Each structure stands twice: as structure tokens, then as C-alpha cells.
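1. okay, sequence plus prediction incoming.
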Amino acid sequence: TSLRPSSQNSPPEMLVKIKDAEFCLPKNYPASTPTSWWTRWSPPCATWTPTAAEAAPEEHAPESLWRSLGYFNLFRLTAATVFLIASAVYRDTSSLFAFDQRLFLFTDALYWLAAIAFVITHRWRWLRFDWLLTLQVTVDILALTLLLHASGGQRGGIAIMIIVVLAGAGLVGRGRLTMFYAAMATMAVLTEQSYRTLRFGADLGEFIAVGTMSIAFFATAISAWLLAQRVLANEALARQRGIDLNNQMRVNEYIIRDMADGVLVIDPSGAVRQFNPQARKLLGGALALGRPLAQLSPGLANRFGGFH
């Protein structure tokens, strides 16, 4: 008999090897209990099979992150399209591009083309996830800052879109680099405000609004990071509970397999969900998972109906 710790990626347990057979022992397994007693009732160790996302190297993001990034791309395309439609329909009345209409239209057209490119190339995954997300957020912040300048600064309301982008990037990236994105957005809006002040003599009091907006950037980034950590913790808990449930099901399976009596597990509809070899011997080779009990043994089906 030899004891060795389970691997780093395995459930918290010990592996007991007896005659080339491995059995699972829980971490709190009492040393005074004979090993033969546990191996009599325990199944071979339920080896944890990692998912594709868990088995992948660290540089490969899980599929769920890429799916979220795809939705983020659709949001970007929708926002750019709405700006284009607004600039065409309300060309002479909208305050969005009251300061520099030509710059607004040119920037929004480039932003729309970039959004189309991100949507089309999404399945190619031509960059690592973090790099691609950073590139897209950089494009968002640059384009929205230029649109902010073309609409006359904070009064245009474009800065709210930057907050939405930061929140989306924080949730899509599971909290990674959110503070960097907030700092990048802060530098962008401060640079824009400084340029408008030096070049066009904008009111210095507008820096107060810019500072308040910068605080909102970091508050959004922190909130997104906290929500992302909560999501990651829930995913880890669900994964661990799935492993525990799988181990428990295998324990039950091996316990009833070696029983001298026939054991059937029947669901409320009367279909067979589990059975042991002795039950197959008693009911014949027609016994199979999912078959109605009434087809196998009408007598047992009647007894089960009365009991149920």
C-alpha cells in the first residue's frame, strides 16, 4: 500500500494504491481506520478531467471570454452605427457635433469601420485575448475622445459612453487591466480638455467636470473588477461542486455494484436510471438505462406505482 498526494489539479484527497488499483481517500481520512475497509466501499479514484478552458495554457483564454468579447464587438458596432444615423438624420439640429461636425463624421466613420473589422476578425483570434481586448479598448477610448472633442466637451454627453466601455471591458476581461483602461481614459479626457483650453480658450471650470468624470472612470473600473472576481469565485465553486457530485455518484455506483441484492433506481416516470449487475441477472439482458420498468417487469412496475 502506498499513499501519495493527489496532483495539483485534482480534488483535495489522497490516492491509495493497492495491487495496482487506486482509491480515493478524503483529506480527513482517520489513520486508525483500516485501509481495506475504505477500499471495500470506495470506487477507484474519480480522476478530475479538466475542461478545455482549464486544460489550456494560461495564454489561451476560455471560450466564455471570447464569446463575451464577441458581444462587446456587437455593442461597439451598434454604438458607431447609431452615431452615424444620428449624424445623418439630425445633421443640422443635433448638438453632438456642434463644435466640429467634420471631425465628428470623419472619426465616427473610422470608428464604424474599425468596429466592422473587429466583428469580422473575431473568430480568427489573431492576438492573445488580453492584447486584443486592450487594442479594442484603446480604439474605443481614442475614438470616443475625438467624438467628445467634436461635440464640444463634457456637455455633449459622449463621456458617458467611455464609462460604458470601461464597465464592459472590465466584465469581459474578468477584471484584468481595468485600472489601466481607467487611467488611459483619464489621460485622454484630460489631454482633450487641456487642448481645448489652450487652443480655443475653454473655461477652466470645465476641468472640475473632467476630474469628476475621471473619478467615475476609476469607480467604474473598481466596480467591474469586484463583479468579475465574484463571477470567477462562483464559477470555481460551481466547478468544485460538480467534481464533488461526480465523485459522490461514482461512490454510490460502486457501492450498489457489489451488493448481493438487485438494485434499481427508478425516476418518477418509471424509467430505469441506474442498476447493478445483480439486477441484470434477475431481470435479464433487456434491462437498460432509460427503459420503462413496466416493459421489464410489470409486477415490479405495479409495486412501484403503489409505493410511489
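-> Great, that's in hand. Remember, predicted model here, so these are calculated numbers, not experimental data.
2. closest to the mean position in the chain, which residue would that be?
-> The chain has S64 as the residue nearest its centroid, 4.7 Å off, counting by CA atoms, centre = their mean.
3. longest helix in the protein, please.
-> Secondary structure of the chain per DSSP state H: the longest helix is helix 206-257.
4. right, and the helix or strand after it?
-> Using DSSP states H and E, the helix or strand that directly follows helix 206-257 along the chain is strand 264-266.
5. strand partners (parallel or antiparallel) of that next one?
-> Here strand 264-266 is paired, per DSSP bridges, with strand 272-275 (antiparallel).
6. quick one: average confidence on the strand it pairs with?
-> What strand 272-275 shows for mean pLDDT is 86.
7. check which helices and strands the longest helix of the chain sits against.
-> Packed against helix 206-257, as judged by 3 or more CB pairs under 8 Å, 6 or more residues apart in numbering; DSSP states H and E, are the following elements: helix 35-41, helix 159-172, helix 178-200. For every residue, glycine as well, the C-beta is placed using N, CA and C.
8. and those helices, which one's lowest on average pLDDT?
-> Here those differ in mean pLDDT, and the lowest is helix 35-41 at a mean of 44.
9. returning to what we had before: and the residue nearest to the centre of the chain, how far from T121?
-> To T121, S64 is 19 Å away according to CB to CB, to the nearest Å.
10. sorry, back to before: just name the most buried of the helices and strands packed on helix 206-257.
-> Of all those, helix 159-172 has the most neighbours on average by mean count of other CB atoms under 10 Å, namely a mean of 21.
11. and it, what other elements does it pack with?
-> Under the contact criterion of 3+ CB pairs under 8 Å, 6+ apart, helix 159-172 touches helix 63-89, helix 129-150, helix 178-200, helix 206-257.
12. isn't V231 up against V172?
-> No - the pair V231 / V172 is not scored as a contact, 11.1 Å apart, by CB atoms under 8 Å.
13. just the CA atoms of stretch 169-179, as CSV, please.
-> These are the backbone C-alpha positions of stretch 169-179, laid out as CSV (Å, rounded to 0.1, in the frame of the first residue of the first chain):
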residue,chain,number,x,y,z
ALA,A,169,-14.2,45.9,-20.7
GLY,A,170,-13.9,45.1,-17.0
LEU,A,171,-16.6,42.5,-17.2
VAL,A,172,-15.4,41.0,-20.5
GLY,A,173,-11.8,40.8,-19.3
ARG,A,174,-12.9,39.5,-15.8
GLY,A,175,-11.3,42.4,-14.1
ARG,A,176,-7.9,42.3,-15.8
LEU,A,177,-6.3,45.6,-16.8
THR,A,178,-9.4,47.6,-15.7
MET,A,179,-7.4,50.1,-13.8
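14. quick one: contacts of that stretch?
-> With contact meaning CB atoms under 8 Å, 6 or more residues apart in numbering, stretch 169-179 is reached by 65, 68-69, 71-72, 129-130, 133-134, 136-137, 140, 166, 181, 218, 220-229, 231-232.
15. cool, stretch 217-231 as well?
-> Counting by CB under 8 Å, 6+ apart, 162-163, 166-167, 169-171, 173-176, 178-179, 181-183, 185-186 sit against stretch 217-231.
16. if we go to 7 Å?
-> 162-163, 166-167, 170-171, 174-175, 178-179, 181-182, 185-186 (CB atoms under 7 Å, 6 or more residues apart in numbering).
17. go on, stretch 257-264?
-> I256, V272, F275, N276, P277, Q278, A279, L282.
18. which one of those sits closest to A109?
-> Using CB to CB, V272 comes nearest to A109 of these, at 64.0 Å.
19. count of residues packed around the closest residue to that closest one other than its chain neighbours?
-> Excluding its sequence neighbours, the residue lying closest to V272 (CB to CB, 6 or more residues apart in numbering) is R291, at 5.4 Å. Using other CB atoms under 10 Å, the number of residues around R291 comes to 13.
20. gap between R291 and A301?
-> To A301, R291 is 11 Å away according to CB to CB.
21. before we move on, the earlier item: farthest-apart pair in the contacts of stretch 217-231, please.
-> Farthest apart among the contacts of stretch 217-231 by CB to CB are R174 and T186. That separation is 21.9 Å.
22. separation between the spatially closest residue to L287 that is not a sequence neighbour and A288?
-> Spatial nearest neighbour of L287, excluding adjacent residues (CB to CB, 6+ apart): R280 at 4.9 Å. With the distance defined as CB to CB, R280 ends up 9 Å from A288.
23. looking at the two, which one has more neighbours?
-> Remark: of R280 and A288, R280 carries more neighbours, 15 against 11, as counted by other CB under 10 Å.
24. helix or strand: which one has that one?
-> Assigned by DSSP H and E, R280 belongs to helix 277-283.
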